[in-house]
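> Quick one: sequence plus predicted model below, questions after.
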Amino acid sequence: MHELTSPQDMHAWSRAERSRGRRIGFVPTMGFLHEGHLQLVDRARQRADRVVLSSFVNPLQFGPREDFASYPRDLARDRSLAAQRGVDCLFTPEVQAMYPTEPLVRIAPGPMAEPLEGATRPGHFAGVLTVVAKLFHIVEPDIAVFGRKDFQQAMLVSRMAADLDFGLEIDIAPTVRELDGLALSSRNSYLNADQRRAALALSRALRAVEQTWRAGEADPAALQRRGMEVLKAPEVSAEYLALVDEELRPVARADARTVVLVAARVGPTRLIDNVVLGEGVASDVPVRGS
Ligand code: AMP
């Protein structure tokens with residue numbers, strides 16, 4: 001596995017591979033890899049000849065009171081997991097290399113970034129899209145794989161790639177979950193044993209909404225109430241539970257394509273999760289060997 005830290009070297013590596021006719025698959029991450037990230041690598045592998053994985057904790061997408069400084073990092077472990085999973089090139093730039101000066105020009109994410117995560121985390125998606133745009137220019141992938149776990153982000157990246165003619169395919173992978181339903185996340189490492197149990201409230205709430213919908217309820221307000229009931233648990237403080245369409249607009253009636261999105265704090269840790277009603281939590285991928 002190659003390991004590169006300079007954007008110039010990364011660009012040159014990709015250019016050389018592409019000039020030999022190889023398709024590049026790209027998986028951008030913030031590191032502290034888990035099986036959710038590694039399944040994105042598997043998908044990239046299926047669709048490309050070379051897989052690049054970036055690990056970069058992007059300061060631009062964190063608010064001043066968020067966890068940029070304490071975000072979990074373990075490069076040695078990431079290196080070994082990426083190599084075992086067949087990543088061809090691991091790109092781990094320093095903040096200084098990505099942002100030698102404060103970027104004055106940023107991507108404006110538009111109305112899809114306003115509700116939900118965008119309402120709770122002002123500036124978050126401008127930071128995400130700006131770094132993703134930079135990474136796309138550096139790596140020049142043919143295909144980039146994102147997780148549905150971060151649904152609003154995946155929709156925004158897809159729209160950015162289409163609206164701004166990035167000329168690459170965005171592939172969106174299902175959420176990988178622990179066997180008990182908890183969506184894998186690097187931030188799960190913040191949870192103590194009680195909080196780990198309490199965190200199941202998120203996937204349970206989604207499952208309750210899905211079951212209520214399958215039983216015939218299509219009124220989004222009634223479904224939202226049902227989800228919020230299940231979300232009420234000790235240590236859990238709900239931020240939102242919303243039923244939206246693919247452009248993040250509230251739906252008038254829930255159908256199979258409706259997405260239910262939830263965000264809550266479990267103790268101090270902020271977690272998010274979602275389900276597409278017609279697919280269900282059960283259709284997501286359970287983590288192997290846990
Ligand atoms: P992160 O390192 O959290 O920024 O995530 C990097 C990529 O991995 C994003 O496209 C996420 O949506 C994706 N991802 C994170 N957790 C999961 C999961 N449990 N299942 C599938 N994809 C995930």
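Looks like it arrived, so ask away.

> drop to CA atoms for contacts and neighbour counts, all remaining ones
Noted.

> who in the stretch 51-200 of the chain is up against the ligand?
Selection of the stretch 51-200 of the chain residues close to the ligand by CA under 6 Å from any ligand atom yields Phe146, Gly147, Arg148, Lys149, Asp150, Pro174, Thr175, Val176, Arg177, Ala183, Leu184, Ser185.

> I'd like to know which of the residues you listed is nearest to Pro100.
Phe146 (26.4 Å; CA to CA).

> surely Glu279 meets Val259?
No: under the criterion of CA atoms under 8 Å, Glu279 lies out of contact with Val259, with a separation of 9.7 Å.

> Distance check, the spatially most central residue of the chain against Thr29.
The C-alpha lying nearest the average C-alpha coordinate of the chain belongs to Asp150 (CA atoms, centre = their mean; 3.5 Å). Plainly put, Asp150 is 12 Å away from Thr29 if you go by CA to CA, to the nearest Å.

> now do Ser14
According to CA to CA, Ser14 and Thr29 sit 18 Å apart.

> for Leu116, same thing?
Counting by CA to CA, the separation of Leu116 from Thr29 is 21 Å.

> for Ser70, same thing?
With the distance defined as CA to CA, Ser70 ends up 16 Å from Thr29.

> The two: which is more packed in?
When Ser70 is set against Thr29 and neighbours are counted by other CA atoms under 10 Å, the residue ahead is Thr29, at 19 against 8.

> re the thing from before, now, which of the residues of the stretch 51-200 of the chain next to the ligand lie within helices?
Within those, no residue falls in helices by DSSP state H.

> Save the residues you listed as JSON lines, and put in pLDDT and distance to Tyr240 too.
Listed next are these as JSON lines, based on pLDDT from 0 to 100; distance: CA to CA, whole Å:
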{"residue": "Phe146", "pLDDT": "98", "distance to Tyr240": "23"}
{"residue": "Gly147", "pLDDT": "98", "distance to Tyr240": "20"}
{"residue": "Arg148", "pLDDT": "98", "distance to Tyr240": "18"}
{"residue": "Lys149", "pLDDT": "98", "distance to Tyr240": "15"}
{"residue": "Asp150", "pLDDT": "98", "distance to Tyr240": "15"}
{"residue": "Pro174", "pLDDT": "97", "distance to Tyr240": "21"}
{"residue": "Thr175", "pLDDT": "98", "distance to Tyr240": "19"}
{"residue": "Val176", "pLDDT": "98", "distance to Tyr240": "22"}
{"residue": "Arg177", "pLDDT": "97", "distance to Tyr240": "21"}
{"residue": "Ala183", "pLDDT": "98", "distance to Tyr240": "17"}
{"residue": "Leu184", "pLDDT": "98", "distance to Tyr240": "19"}
{"residue": "Ser185", "pLDDT": "98", "distance to Tyr240": "18"}
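
> now, which of the residues you listed sits nearest Leu4?
For these, the residue nearest Leu4 by CA to CA is Phe146; the value is 21.2 Å.

> hang on, the earlier thing: between Glu279 and Val259, which has more neighbouring residues?
Val259 (26 against 14).

> So that one sits against Leu241, correct?
No: in this structure, Val259 is not within contact of Leu241 by CA under 8 Å, at 10.3 Å.

> helix or strand for Val52, which one?
Secondary structure assignment for Val52, by DSSP states H and E: strand 50-55.

> Phe151 and Val276 touch, don't they?
No: assessed by CA under 8 Å, Phe151 is found out of contact with Val276, at 9.9 Å.

> Just the local confidence number for Thr269, please.
Reported pLDDT at Thr269 in the predicted model: 97.

> what are the ranges of the helices in the chain?
Defined through DSSP H, the helices belonging to the chain, from first to last, are 7-19, 35-47, 75-84, 95-98, 117-120, 124-139, 151-163, 193-198, 200-214, 220-231.

> what sits up against the least confident helix or strand in the chain by mean pLDDT?
Scoring the helices and strands of the chain by mean pLDDT, DSSP states H and E places strand 285-286 at the bottom, with a mean of 86. Outside strand 285-286, the residues within contact range by CA atoms under 8 Å, 6 or more residues apart in numbering are Pro174, Thr175, Val176, Arg177, Glu178, Leu179, Gly181.

> That concludes my questions; thank you for your assistance.
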